[in-house]
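[1] how would this look folded up:
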Amino acid sequence: MISIESHVKEIERVAAGECSQRDSPVVQSWLRCVNDYKLDPANAQDAYIVPHAQLREHQEQAESLIRISRAGLAALFDQIAADDYVLLLSDARGVAVDYLGHPRLDRDLRRAGLYLGAEWSESRAGTCAVGACLVGRQPVVIHQDDHFDPTHTGLTCTAAPIFDTRGELAAVLDISQLTSPVAKTSQRLALHLAKATARRIEMANLVARTDDEWILRLSRTLDFLDTAPDAAISLDGAGRITGLTAGGLEALARSLKFSVDAPQTLIGQPISTLFDIGIDDMPSFMRGNPAGERLLHAHGEPLVFASAMSPAQSQNQSQNSAVTAKRSPRADALASMSHGDATMRALQQRAAKLAVRHIPILIQGETGSGKEVLARAIHQTCNEGGRFVAVNCAAIPEHLIESELFGYVANAFTGAARKGRTGLIESAHGGTLFLDEIGDMPLSLQTRLLRVLSENEVVPVGGVDPRRVELRLVSATHQALKTLVAEGRFREDLYYRLNAATLSLPALRERNDFDNLLMGVLADLGGRYKEDYRVEPNAWRLLRQYSWPGNLREMRNALDVASALSDDGLICVRHLPEAIRKPAAANKPDLLRQLEECEGNVSALARRLGVNRSTVHRWLRQCRNDRVEH
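    Down below sits the predicted model:
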């Protein structure tokens, strides 16, 4: 490994235009780091791990993909764990939303940034596998001093992109080691495994998201056609392409020297754009037909083997690949939000009727009550395709929110990317724009947003030409917008534009399906950590009595911590957060009320709270002392 001084000088020579023996993705990334991000290779930066609350937001936005990919990642980790590899699943912003690594290396992995919550975007971390993969959209190996930042030059990292069913980059799978042999060729197997697992995840995602559609699986060889196809395409009843495994399709096209346009451009096109077939030909490619009849042609020439799955088959298909996932049909997206609560059932029915029309929807509810989950369910239910773009108006710094929302043209301001950037509003074209915490949007931007909603067009920062956007708008807030309007902090005309229909989410303490909700969270944790979690009766009683000011988000966090502290999966009172273990200490008037409900019986109250009698007596003395002092 070269010295830091030699490393810095090499990057400076590359930046000056000298030729390099490094791989092209490495050279291009170094140039971006110097020219676009203004990073200094001599200024070493420690790995950055986002705050826990921010990580939860990233995980919630990637929840579906995390669930679908989890079994595949676990199978891959079993193959490579003995060599001290670590797996990261990073979202499209470079934040690791899932992680598998050996516990004995936990401390070193966290320090190195090979850990849950680490951000590996190129603009922050410099040249790295995740960042280079996000920009280049191709599998890449960044080995040791290929890294830009000297902090990371001991690592070897291999990454492969994961695309969604519409060809958009959704995530990156990264396989890394803290140390490895010097030769970069030592990572060839890691690269193969990363690409293969990414393709399997794409396949599982396509099947999970396909409803009442044909699936056409493609393979270079007949032997693996039904078990491990190279790529797949979904088709509607008219034979139009509705989804695909973009990474697999691009790799298949390259290997066959077959011309395929950018996968995104194929959505909505007839299957005859690619092959010499139509929708009526699908039955002849179903399993059981002679092999010779399952060969697809393009322009009259035999090209690739195909296997068709009818809509009925695709609905009941159990995955043959290493990735298995529970299907979540679009029709069930809203139904899955309720576990028996009457208010939630009524809300679901109202949301389902609104979802089929382009009506602006305002979701109101306390923090953590599931506003974004409801917005995503509406997006999935409307079944129109397009992206779901979530914007937290309270999380983006005010000086950045304009360029983030509206994008900007080239050279719009100092530090702007050379090619400009597409804004989040334009990214939601054809899909759903979710504006979370809309009440925190600055007044100056409310005017611009109103114009977007009125004219269906957006003008980037520094630009003059409007760009057409068609989208579904869902906004959410925990604030009373009418009050903000009265105080002059929110535009009245924008309020009425957003508030065509309102959905009010109940707080967790108001729902009567608590037990089922809690069991659902435990089941999710069990699937994630491969453990059967249970809750002892006293702990369950405390969980039911707690007021949950943070609602569902607080419940998930509390159970996540408690399950980590549990022994053999049994969650006891001592594993719960203090606020839940000692609710009476935090709310003494409530303690006296509960004592009255127990008819003054301290022992009965102790059993109800899951604590001993001496603890209740101590809390009662505190209550009486407080009364004397006041």
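[2] what about residue 339, is that helix, strand or coil?
    Under DSSP: H, G, I helix; E, B strand; the rest coil, residue 339 falls in the coil class.
[3] Quick check: it vs residue 535, distance?
    Applying CB to CB, to the nearest Å, the value for residue 339 to residue 535 is 16 Å. Placement of C-beta: from N, CA and C, glycine included.
[4] Give me the more crowded residue out of these two.
    residue 535 (24 against 16; other CB atoms under 10 Å).
[5] ok, the more buried one to residue 356 distance?
    For residue 535 relative to residue 356 (CB to CB), the value is 40 Å.
[6] What of residue 92?
    Residue 92 is 28 Å from residue 356, by CB to CB.
[7] Spit out the contact partners of residue 484.
    439, 490 (CB atoms under 8 Å, 6 or more residues apart in numbering).
[8] so which strand or helix has it?
    helix 481-486 (DSSP states H and E).
[9] Give the other helices and strands that the very next helix or strand once past that helix contacts.
    Later in the chain than helix 481-486, the nearest helix or strand by DSSP H and E is helix 492-498. Counting contacts by 3 or more CB pairs under 8 Å, 6 or more residues apart in numbering; DSSP states H and E, helix 492-498 is packed against helix 443-455, helix 481-486.
[10] Give me the contact list for the longest one.
    Okay, so that is helix 443-455. Counting by CB under 8 Å, 6+ apart, 360, 401-402, 405-406, 425, 441, 457-458, 466, 469, 473, 489-491, 493-494, 497-498 sit against helix 443-455.
[11] buried set for that helix?
    446, 448-449, 452-453 (16 or more other CB atoms under 10 Å).
[12] One more: stretch 348-357?
    For stretch 348-357, by 16+ other CB under 10 Å, it's 348, 350-352, 354-355.
[13] Columns pLDDT, distance to residue 256 and secondary structure on top of those, output as a markdown table?
    Listed next are the buried residues of stretch 348-357 as a markdown table, based on pLDDT from 0 to 100; distance: CB to CB, whole Å; DSSP: H, G, I helix; E, B strand; the rest coil:
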| residue | pLDDT | distance to residue 256 | secondary structure |
| --- | --- | --- | --- |
| 348 | 86 | 46 | helix |
| 350 | 89 | 50 | helix |
| 351 | 89 | 45 | helix |
| 352 | 86 | 43 | helix |
| 354 | 88 | 45 | helix |
| 355 | 85 | 40 | helix |
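[14] isn't residue 126 right up against residue 33?
    Yes: counting by CB atoms under 8 Å, residue 126 touches residue 33, with 5.0 Å between them.
[15] overlap in contacts of these two?
    Listed contacts common to residue 126 and residue 33 are 39, 41, 148; contacts here mean CB under 8 Å, 6+ apart.
[16] export these to TSV and tack on distance to residue 235 and neighbour count?
    Putting the shared contacts of residue 126 and residue 33 into TSV (distance: CB to CB, whole Å; neighbours: other CB atoms under 10 Å) gives the following:
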residue	distance to residue 235	neighbour count
39	45	22
41	49	22
148	43	29
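[17] Can I get these in a markdown table including distance to residue 3, secondary structure and pLDDT?
    Formatted as a markdown table, the shared contacts of residue 126 and residue 33 follow (distance: CB to CB, whole Å; DSSP: H, G, I helix; E, B strand; the rest coil; pLDDT from 0 to 100):
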| residue | distance to residue 3 | secondary structure | pLDDT |
| --- | --- | --- | --- |
| 39 | 19 | coil | 94 |
| 41 | 12 | coil | 92 |
| 148 | 15 | coil | 95 |
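[18] ok, so of the residues you listed, who is nearest residue 107?
    residue 148 (24.7 Å; CB to CB).
[19] Next up, the contacts around the closest one.
    11, 29-30, 33, 39, 41, 125-128.
[20] Would you write a ChimeraX line that selects the buried entries of these?
    Only the buried entries of the contacts of residue 148 go into this ChimeraX selection, using 16+ other CB under 10 Å:
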select :11,29,30,33,39,41,125,126,127,128
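[21] Nearest to residue 557 among the contacts of residue 148?
    The closest of the contacts of residue 148, once distances to residue 557 are taken by CB to CB, is residue 125, at 26.9 Å.
[22] looking at it, residue 232 is touching residue 204, isn't it?
    No: with contact defined as CB under 8 Å, residue 232 does not count as touching residue 204 (10.2 Å).
[23] Out of the helices and strands packed on helix 492-498, which is closest to residue 174?
    helix 443-455 (35.4 Å).
[24] what's downstream of the closest one, the next helix or strand?
    Immediately after helix 443-455, counting by DSSP H and E, sits strand 457-458.
[25] could you say what helices and strands that next one packs with?
    strand 467-468.
[26] Give the pairing partners of the strand it packs on; include direction for each.
    Sheet pairing of strand 467-468 (DSSP bridges) gives strand 457-458 (antiparallel).
[27] so how far is the partner strand from its chain's centroid?
    27 Å (CA atoms, centre = their mean, to the nearest Å).
[28] now do stretch 354-367
    21 Å.
[29] ditto for stretch 140-157
    26 Å.
[30] Buried residues, that stretch. List them.
    So stretch 140-157, judged by 16+ other CB under 10 Å, has buried residues 140-153, 155-157.
[31] Pull up the distance across it, start to finish.
    Start and end residues of stretch 140-157 are separated by 8 Å (CA to CA, to the nearest Å).
[32] what's the helix or strand for residue 88?
    Assigned by DSSP H and E, residue 88 falls in strand 86-91.
[33] Just the residues contacting that strand, thanks.
    Contacts for strand 86-91 (CB under 8 Å, 6+ apart): 58, 61-62, 65-66, 69, 73, 76-77, 80, 96-102, 105, 109, 114, 118, 120, 130, 134, 170-177.
[34] Note down every partner strand of it and its orientation.
    strand 96-100 (antiparallel), strand 169-177 (antiparallel).
[35] Now the nearest residue to residue 407 once chain neighbours are set aside: phi and psi?
    Ranked by CB to CB, 6 or more residues apart in numbering and with sequence neighbours excluded, the top spatial neighbour of residue 407 is residue 423, at 3.0 Å. The phi/psi pair for residue 423 (degrees, to the nearest 10) reads phi -80, psi 170.
[36] what does residue 157 give?
    phi -130, psi 130.
[37] Make a markdown table from the helices and strands packed on helix 492-498 and add mean pLDDT and distance to residue 245 to it.
    Below are the helices and strands packed on helix 492-498 laid out as a markdown table (pLDDT from 0 to 100; distance: least, CB to CB, whole Å):
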| stretch | mean pLDDT | distance to residue 245 |
| --- | --- | --- |
| helix 443-455 | 83 | 33 |
| helix 481-486 | 91 | 42 |
